[in-house]
Each structure stands twice: as structure tokens, then as C-alpha cells.
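>>> okay, sequence plus prediction incoming.
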Amino acid sequence: MTRRQLQFAIGLTALGYSASPSLSNFCAHSYFIDRLRIIRYKRCMIHNSSKYRRGLKAGPCTVENCCNKAHAKSLCKRHYHKLVRYGDPMGGWAIAKGDAEKWIINFAIKYDGNDCLDWPFGKCGRGYGRHHVDGKPVPASRYICQLRHGPPSHVGLDAAHSCGNGHLGCVNPKHLRWATKKENASDKVLHGTKIEGELHAAAKLTRDDIIAIRSSNLTQWELAHKYGVHQATINRIKLRKSWEHVS
């Protein structure tokens, strides 16, 4: 007798039923009935799942020459997302494999203008151009800088922008140069693109708050309670270890 059958028998005995010879068979029958219900429930869940309905029953995508499985509205994921974004499953514009590389070789590295050259392909979340070399993602500006000016002299150099528009997708080879991280950080301060102070997404204080904190005669704990920050934050501001760019 299994543990489940034994528990069931003890429960019946506690309710006043006698442990007859047929009790074991009755417990076993009850156990298998429960297992059958679980199996039927799982089959029902699989049959009604979105994956089953979209992937198995919906068939292929209805767009011509598309062999992918349907995801929603009889469209594959790619065409369905285009429908949501552009209102048309064939909306937007497709990039053939190798188009970005051809654009770099035939146009970008030969560009001799002084204006910024915008990267027309995919970009990362920060706005910088993104390219793929041998299946690996690389910054487009770094790749173009390497093709135009040669590889960096040593490891750790950045492809710095003299125009300050790298976050807007500029890949003009004349605006690119190899620079140390310190030089690149100095360029960000010069161009006003360094994310500090109020520009930081997690900033709780403003420039006026910093000036008021440093000139206040209140205790650090009182200032922390007033501005909703920790006392250690007030201490670092007072010692100019943070917000040092605010005079």
C-alpha cells in the first residue's frame, strides 16, 4: 500500500469505517482516478495554450513566401510586430544581409564631408550605431574608425567623437579618433553630453538643492530628512565628493 493509500485508509478509519479487505482496492482505485484527472487536466491545458493554438493549429504565416509558423492573427512574429508597429505586416523597410557592410565600404569610409554622417541602420538604446562583424555586435563608430584610421595602438582606447554627436549616431570618419577613456570623458564634459547631476535618471536632487545644502546651517540628519536622502549623501555633498561639478 502506498503512502497515499495508507493516509486514505487512516482517514476512513477515523470517520468510523472499518478497514475491510476491499479497502486497499478502493484506495488504489481512488488514487488512479485522481492521477487520470491530473493527466486529463494537463492535456486540456496544452490543447488550450496559446503556443498550441498559434504554433500548431494556426499553420504557417499568411504572408506570401513566408514559411514561419503563425504567431497571432495568422501572422508570424516578424510580420505581426510590423502590423502592430506600422499598421501593415509588410510595413517598415527590410535590410538585406550585407547591406550595412556595403554601405560602410562604399560610402562611409570614403566620406569626406565636415557634417555629421548619420548611421542609417540599427542603433543601441543609447543612440550609438550598431553593426555586426562575424556575427558579433560592435559599435559602428569603432568599426569605421578602425577601417579609416587603423587599429588602436593599444588595448583600452575608445573611438571618440570630436563633434559630440556619437549618441545621435554620427559615424563621420573625420569626427572619429582613438582616445583614452580619460580623454573621451573630457570630451563629454566639453560637449555637455556627460550624464551627471540632474541629467542622471536616478537623481533626487537638483543644482539648486546642492547649493542650498552646502550653504545651510542645519545638521546633516535634518538636511537628509528635509530632502529625502541618506545622511551619507549629505556628507558627500558637503565634502564635495559628489556633485563636485556644482560650485
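Perfect, I can see it now.
>>> per-residue pLDDT, R126?
R126 carries a pLDDT value of 82.
>>> please apply the same query to K42.
At K42, pLDDT is 59.
>>> next one: the one 5 residues further on
In the prediction, the pLDDT value recorded for H47 is 49.
>>> repeat that for L223.
94.
>>> next, the spatially closest residue to it that is not a sequence neighbour: secondary structure please.
Sequence neighbours aside, I234 is the residue nearest to L223 in space, at 4.8 Å (criterion: Cβ to Cβ, 6 or more residues apart in numbering). C-beta coordinates here come from the backbone N, C-alpha and C atoms, glycine included. I234 falls in the helix class when you classify it by DSSP: H, G, I helix; E, B strand; the rest coil.
>>> correct me, but I234 touches E222?
No. I234 lies out of contact with E222 (Cβ atoms under 8 Å); the separation is 9.1 Å.
>>> next one: the residue nearest to L223 from G87, what distance?
52 Å (Cβ to Cβ, to the nearest Å).
>>> who has more neighbours out of those two?
I234 (25 against 8; other Cβ atoms under 10 Å).
>>> dump the residue contacts of the more buried one.
I213, Q220, L223, A224, Y227 (Cβ atoms under 8 Å, 6 or more residues apart in numbering).
>>> what do you get if the cut-off is 6 Å, keeping everything else the same?
Q220, L223, A224 (Cβ atoms under 6 Å, 6 or more residues apart in numbering).
>>> tell me the pLDDT of it.
pLDDT, I234: 93.
>>> swap in D118?
pLDDT, read off for D118, is 92.
>>> how much space between it and Y111?
D118 is 11 Å from Y111, by Cβ to Cβ.
>>> between these two, what contacts are shared?
The contact lists of D118 and Y111 share no entry, where a contact means Cβ under 6 Å, 6+ apart.
>>> my understanding was that F121 contacts A100; is that so?
Yes. Look at F121 against A100 with Cβ atoms under 6 Å: they come within range, at 4.8 Å.
>>> for the residue lying closest to G127 once chain neighbours are set aside, give me the pLDDT.
Closest residue to G127 apart from its sequence neighbours, by Cβ to Cβ, 6+ apart: H167 at 4.3 Å. H167 is assigned 88 on the pLDDT scale.
>>> please enumerate the strands of the protein.
Along the chain, counting by DSSP state E, strands occupy 130-133, 136-139, 158-161, 176-179.
>>> please identify the most buried of the ones you listed.
When you average the neighbours per residue for each of the strands of the chain (mean count of other Cβ atoms under 10 Å), strand 158-161 leads with a mean of 23.
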